[in-house]
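Visitor: below are the sequence and a predicted model for it; my questions follow.
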Amino acid sequence: MDINNLVGLPGIRAPVPANLANIAAPILVKARAGSSCRLKAVTGGDINIVIQPAPDVGVRLLGESNSGRLSIGLDGGEAGEAPGDSTFNNRGLVTTAGL
């Protein structure tokens, strides 16, 4: 799933101008994962993600942000260091044991 509050929606909303990107709408995700999945959230504001995986599903959540607050909650997950280099200022990685 991709969530992007900076791009426009054809016929509905124009893209957010670069000078207003830092005040783009925050993203809040509360979900249950029943199988492997990918979630990408992009906005100029805060990002809050909370995932409750099924007991037999391994989950890896990586969050990256240049501005705004990044908050990741993963039921049964452990925080770790995000691998590799990145152009983002704020990074967070949370993984469950089943992955």
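Guide: That came through, no problem. Residues are numbered from 1 along each chain as shown.

Visitor: and the residue nearest the centre of this structure?
Guide: residue 41 (4.2 Å; C-alpha atoms, centre = their mean).

Visitor: so who does it touch?
Guide: 2-4, 27, 29, 47, 49, 63 (C-beta atoms under 8 Å, 6 or more residues apart in numbering). Every residue, glycine included, has its C-beta placed from N, CA and C.

Visitor: out of those residues, which one sits closest to residue 18?
Guide: residue 4 (14.6 Å; C-beta to C-beta).

Visitor: per-residue pLDDT, the closest one?
Guide: On pLDDT, residue 4 comes in at 85.

Visitor: now swap in residue 29 and tell me
Guide: With respect to pLDDT, residue 29 scores 90.

Visitor: so it: helix, strand or coil?
Guide: Using DSSP: H, G, I helix; E, B strand; the rest coil, the structure places residue 29 in strand.

Visitor: what's the nearest residue to it if we skip its chain neighbours?
Guide: With sequence-adjacent residues excluded and distances taken as C-beta to C-beta, 6 or more residues apart in numbering, residue 29 is closest to residue 49, at 4.6 Å.

Visitor: rewinding a little: most neighbours among the contacts of residue 41, which one?
Guide: residue 47 (23 neighbours; other C-beta atoms under 10 Å).

Visitor: just the helices in this protein please.
Guide: For the chain, applying DSSP state H gives no helices.

Visitor: low-confidence stretches in it?
Guide: Counting by pLDDT under 70, the chain has low-confidence residues at 98-99.

Visitor: any chance of the contacts of residue 41 in a markdown table, with distance to residue 86 too?
Guide: Shown next, in a markdown table, are the contacts of residue 41 (distance: C-beta to C-beta, whole Å):
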| residue | distance to residue 86 |
| --- | --- |
| 2 | 18 |
| 3 | 19 |
| 4 | 18 |
| 27 | 19 |
| 29 | 21 |
| 47 | 15 |
| 49 | 17 |
| 63 | 11 |
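
Visitor: looking at those, which is nearest residue 96?
Guide: Of these, the one sitting nearest to residue 96 (C-beta to C-beta) turns out to be residue 49, at 13.9 Å.
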